[in-house]
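>>> Build me a structure from this.
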Amino acid sequence: QGIRAMPETLADLLVENLKEGSSQLRKQIPDLLAGLVQSSQLMQVENEYRLQTRESAAWDIDYRDRLTKLLNNDATLATERTDLLREQTLERLKGVKLTHGKSKESRKLDPYFNSEARPTGHNVPVWVRDGWTDEEKTVIAEARAASTDDATITLFLPKRDHDGLRKAIAAKKGAEQTLQVRGVPSTLEGQEARHAMETRLRDAEGRLEILINDVFNGSRVFLAGGTEVDGMVLPPKVQDAAERALSRLYREFDAGDDPRWEKVIERAKKGDATALEAVDHKGDVEKNAVCSAVLQYIHTSRRGSEVRKNFAGIPYGWPQDTVDGALAVLVASSHLRATQNGQPVELKQIDRQKIGVTDFRCETVSVSTTQRLAVRKLLTDSAIPFKPGEELTAVPALLSELGRLADDAGGDPPLPARPNKTHLRDLGDLSGNELLVAIAAQRETLSKQTTDWKATAALVAKRRPRWDSLQKLLSASAGSPVQTDVTAQADAISTQRSLLANPDPVPPLCDRLAQSLRQSLIDAHAQCASGYDVEMAKLTASEVWSKLSSDQRQSILDQNDLSPIVPIRVGTETEILVTLEARPLKEWQTLCDALPQRFAKASNAASKLLEPKAVWVQLPKATLKTEQEVDAWLATARKALVNQLKEGPVIV
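Model (predicted):
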């Protein structure tokens with residue numbers, strides 16, 4: 001590939017006196033080559049120097065034009081410098097990892113680049129200032145003037161080699177713009193020119209890196225109050241300052257800094273009253289520093305997400321286990337009441353993932369052991385299942401059961417009015433400890449009502465069926481003399497709501513109606529049975545009927561609904577009602593009246609069966625008063641029958 005024009009190669013070629021060596025020459029050649037590149041006589045591609053071509057010269061002219069414009073634009077260079085310092089600061093601060101206390105709670109830095117106002121936020125604030133924007137003595141004075149309680153860290157970047165930094169930024173920016181505008185050429189000369197410009201960019205980036213490192217090597221870090229953090233490298237200095245600042249930012253952190261709060265949660269959810277012993281607290285729950293702060297913040301009511309957010313922030317910074325543990329203990333000790341979607345929930349039902357959507361309300365009253373035992377007695381007497389310590393969850397079922405008993409202990413007439421349930425509704429409006437205390441206060445009343453309402457409901461269930469039977473008997477007895485009298489007495493029972501009176505007023509009324517209906521049914525059945533027997537005897541004695549087969553006879557009887565009158569059962573009230581349901585009293589008379597006509601149709605059907613061509617003739621109807629009228633009617637009837645005989649047999 002020939003000899004490459006590199007500084008070392010050129011030095012070897014230019015040596016004239018081998019005895020003297022080339023050390024002095026080798027020192028001069030890089031500066032000479034740089035001057036030739038600067039004067040646009042050469043171009044540098046990586047470590048090799050080449051003569052300018054027409055294409056590379058055009059690239060060089062473009063670059064120098066852009067470089068000149070940039071160097072004359074202080075605003076653009078200032079913006080580029082600010083962006084560069086910001087980018088380099090953020091990159092260096094990535095190495096700072098903060099964990100806080102025994103809980104090893106993760107913390108974050110909050111870099112802040114506005115020099116006109118002090119930083120704010122919930123992370124450790126790092127106020128980045130530089131010597132181009134603010135004088136060093138001003139920055140130091142402001143840091144010293146700040147309160148020692150302030151967690152702000154001031155990071156000052158000194159103004160170093162201002163002119164060199166300007167030129168390096170301009171060179172880098174000019175090379176980038178040239179490469180972007182000119183793109184990727186297709187000719188060899190163009191590609192060579194692009195490589196030369198890329199080399200120029202890398203050189204500018206290298207110079208810039210050296211200058212920026214010099215700035216950061218001279219950086220100073222101050223705590224609020226003026227204490228400067230010693231060190232040679234920026235990340236460790238900021239790390240040291242941030243660890244000191246944490247105690248200022250989270251002044252109350254130590255009270256909740258204990259990795260054992262997770263055990264507090266586990267013990268509290270199991271109903272352990274001494275759960276706080278896991279964090280070495282043996283006194284009253286509300287006297288624990290964390291629990292006290294949580295109670296004070298909740299005040300009346302707060303959502304779990306609000307509580308977590310408040311104590312994760314300044315000045316607490318407590319781990320979530322600490323906050324959740326305090327909530328769990330306070331619920332277990334009845335200092336707080338927990339609800340989800342308005343419904344009370346026991347501690348064991350609160351999943352850690354749902355604490356954020358759980359509402360916590362401070363209890364205004366406490367429940368004594370005696371009061372809790374009173375509630376348990378009521379739950380047991382009403383057969384409501386519960387577990388000790390979880391009575392509150394079972395109370396809604398108790399109130400629901402009492403309401404049901406009240407409804408069953410009365411009703412519409414003739415039952416007595418339902419008992420007043422206002423006190424149950426009032427109890428239902430309460431919640432938490434207030435509800436338990438109120439129920440305990442009314443224990444004797446509620447216990448007596450439970451007993452009384454159960455007895456009344458049982459009596460209602462016993463007497464209502466007989467009252468319903470009375471209504472059926474009255475309906476079946478409509479129109480009878482006894483029905484009128486009994487109706488008046490039944491109406492009086494309904495008006496006076498005296499169904500539950502002693503003695504029971506309903507059975508005597510049912511007995512009177514049953515006796516009346518029993519006799520009526522017996523009489524009606526006997527009349528129908530007698531009529532049936534008479535008509536059946538006539539049919540059986542007829543010549544036509546005797547000529548039919550047994551199957552033909554049965555078919556005709558079935559077609560005309562002439563089944564035998566079966567015996568009825570009317571011995572008891574229930575049998576009477578069943579008999580009446582099958583055939584009401586009025587239908588027995590209808591049946592008696594219909595039997596002659598049905599048997600007549602059966603007889604005609606028998607005749608028709610024997611004489612298929614026989615025709616039924618309806619004799620004329622008339623009211624006959626004299627013998628002459630009888631003769632006239634007979635003549636008319638005879639004429640009609642004779643005329644019909646011409647067509648076939650006649651059935652009359």
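
>>> In the stretch 501-650 of the chain, what residue spans correspond to strands?
615-616, 650-651 (DSSP state E, counting those that start in this stretch).

>>> other SSEs contacting the lengthiest helix in the chain?
The residue-count maximum for a helix in the chain (DSSP state H) belongs to helix 506-541. Here helix 506-541 touches helix 443-476, helix 481-495, helix 573-582, helix 585-610, going by 3 or more C-beta pairs under 8 Å, 6 or more residues apart in numbering; DSSP states H and E. The C-beta positions use only the backbone N, C-alpha and C, and glycine is treated the same way.

>>> Output the ones you listed in TSV, with mean neighbour count appended to each entry.
Below are the helices and strands packed on helix 506-541 laid out as TSV (neighbours: other C-beta atoms under 10 Å):
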stretch	mean neighbour count
helix 443-476	16
helix 481-495	15
helix 573-582	16
helix 585-610	16
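
>>> List the buried residues of the longest helix of the chain.
Residues 506, 509-510, 512-514, 516-518, 520-521, 524-525, 527-529, 531-532, 535-536, 539 are the ones in helix 506-541 that count as buried (16 or more other C-beta atoms under 10 Å).

>>> residue boundaries of the helices in the stretch 1-150 of the chain?
7-14, 23-38, 54-71, 74-93, 136-145 (DSSP state H, counting those that start in this stretch).

>>> Looking at the ones you listed, which is nearest to Arg638?
Closest approach to Arg638 among the helices of the stretch 1-150 of the chain (C-beta to C-beta): helix 74-93, 134.8 Å.

>>> and the angle for that closest one with helix 54-71?
With axes from the mean of the first three to the mean of the last three C-alpha atoms, to 10 degrees applied, the angle from helix 74-93 to helix 54-71 works out at 90 degrees.

>>> Now the strand or helix carrying Leu398: buried residues?
Applying DSSP states H and E as the criterion places Leu398 in helix 391-408. Of all the residues in helix 391-408, those buried under the rule 16+ other C-beta under 10 Å are 391-395, 398-399, 401-403, 405-406, 408.

>>> Show me the contact partners of the next helix or strand after that helix.
Per DSSP H and E, the first helix or strand lying C-terminal to helix 391-408 is helix 422-428. Contacting residues not belonging to helix 422-428 are listed as Pro396, Leu399, Leu402, Gly403, Ala406, Leu435, Ala438, Ile439, Gln442, Thr445 [C-beta atoms under 8 Å, 6 or more residues apart in numbering].

>>> Correct me if wrong: Arg194 contacts Ser186.
No: contact criterion C-beta atoms under 8 Å: Arg194 and Ser186 do not qualify, at 10.7 Å.

>>> Compare the two (neighbour count), which wins?
Of the pair Arg194 and Ser186, Arg194 is the one with more neighbours under other C-beta atoms under 10 Å, namely 20 against 7.

>>> so what's that one up against?
Neighbouring residues of Arg194 by C-beta under 8 Å, 6+ apart: Trp59, Leu179, Arg182, Val184, Pro185.

>>> returning to that earlier point: what I need now is the buried residues of helix 391-408 written out in TSV, including distance to Leu109 and pLDDT for each item.
Shown next, in TSV, are these (distance: C-beta to C-beta, whole Å; pLDDT from 0 to 100):
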residue	distance to Leu109	pLDDT
Glu391	50	83
Leu392	46	80
Thr393	47	81
Ala394	52	87
Val395	51	89
Leu398	56	92
Leu399	56	92
Glu401	60	92
Leu402	61	94
Gly403	61	93
Leu405	66	93
Ala406	66	93
Asp408	69	93
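
>>> Most widely separated two among those?
Farthest pair in the buried residues of helix 391-408, by C-beta to C-beta: Leu392 and Asp408, 26.0 Å.

>>> measure Ser550 to Ala193 for me?
Taking C-beta to C-beta, to the nearest Å as the measure, Ser550 falls 130 Å from Ala193.

>>> Between these two, which is the more surrounded one?
A direct count of neighbours by other C-beta under 10 Å for Ser550 and Ala193 places Ala193 higher, at 28 against 7.

>>> mind listing what the closest residue to Asn433 other than its chain neighbours touches?
Computed as C-beta to C-beta, 6 or more residues apart in numbering, the closest residue to Asn433 that is not its neighbour in sequence is Glu363, at 4.3 Å. The neighbourhood of Glu363, defined by C-beta under 8 Å, 6+ apart, consists of Ser334, His335, Leu336, Arg337, Gly432, Asn433, Glu434.

>>> Lowest average pLDDT across the helices and strands packed on helix 506-541?
In terms of mean pLDDT, the lowest-scoring of those is helix 585-610 (a mean of 87).

>>> how much space between the residue most central in space within the chain and Lys309?
For the chain, the residue nearest the mean C-alpha position is Asn341 (8.3 Å; C-alpha atoms, centre = their mean). Distance, Asn341 to Lys309, by C-beta to C-beta: 21 Å.

>>> Can you tell me how far the nearest residue to Phe113 once chain neighbours are set aside is from Gln559?
Of all residues not flanking Phe113 in the chain, Val128 sits nearest, at 5.2 Å (C-beta to C-beta, 6+ apart). Separation of Val128 from Gln559 (C-beta to C-beta): 113 Å.

>>> With Ala293 instead?
Applying C-beta to C-beta to Ala293 and Gln559 gives a distance of 97 Å.

>>> In terms of neighbours, single out the busier of the two.
Ala293 (19 against 12).

>>> show me what contacts that one?
Ala293 neighbours (C-beta under 8 Å, 6+ apart): Glu252, Ala255, Phe311, Tyr316, Ala326.

>>> Is the third one within a helix or a strand, and which one?
The one in question is Phe311. helix 304-312.

>>> Go through the next helix or strand after that helix and flag the buried ones.
Using DSSP H and E, the helix or strand that directly follows helix 304-312 along the chain is helix 320-332. Residues of helix 320-332 classed as buried: 320-332 (neighbour count, 16+ other C-beta under 10 Å).

>>> Export the residues you listed as a markdown table, with columns for pLDDT and distance to Gln239.
Below are the buried residues of helix 320-332 laid out as a markdown table (pLDDT from 0 to 100; distance: C-beta to C-beta, whole Å):
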| residue | pLDDT | distance to Gln239 |
| --- | --- | --- |
| Gln320 | 96 | 25 |
| Asp321 | 96 | 25 |
| Thr322 | 97 | 25 |
| Val323 | 97 | 27 |
| Asp324 | 96 | 30 |
| Gly325 | 96 | 30 |
| Ala326 | 96 | 31 |
| Leu327 | 95 | 34 |
| Ala328 | 93 | 35 |
| Val329 | 92 | 36 |
| Leu330 | 92 | 37 |
| Val331 | 89 | 40 |
| Ala332 | 86 | 40 |
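
>>> just those residues now: which is nearest Gln496?
So of the buried residues of helix 320-332, ranked by how close each gets to Gln496 (C-beta to C-beta), first place is Val331, at 53.6 Å.

>>> Surely the closest one and Pro344 touch.
No: using C-beta under 8 Å, Val331 is not in contact with Pro344; the gap is 10.5 Å.

>>> Spit out the residues that contact these two alike.
Common contacts of Val331 and Pro344 (C-beta under 8 Å, 6+ apart): Arg337, Ala338.
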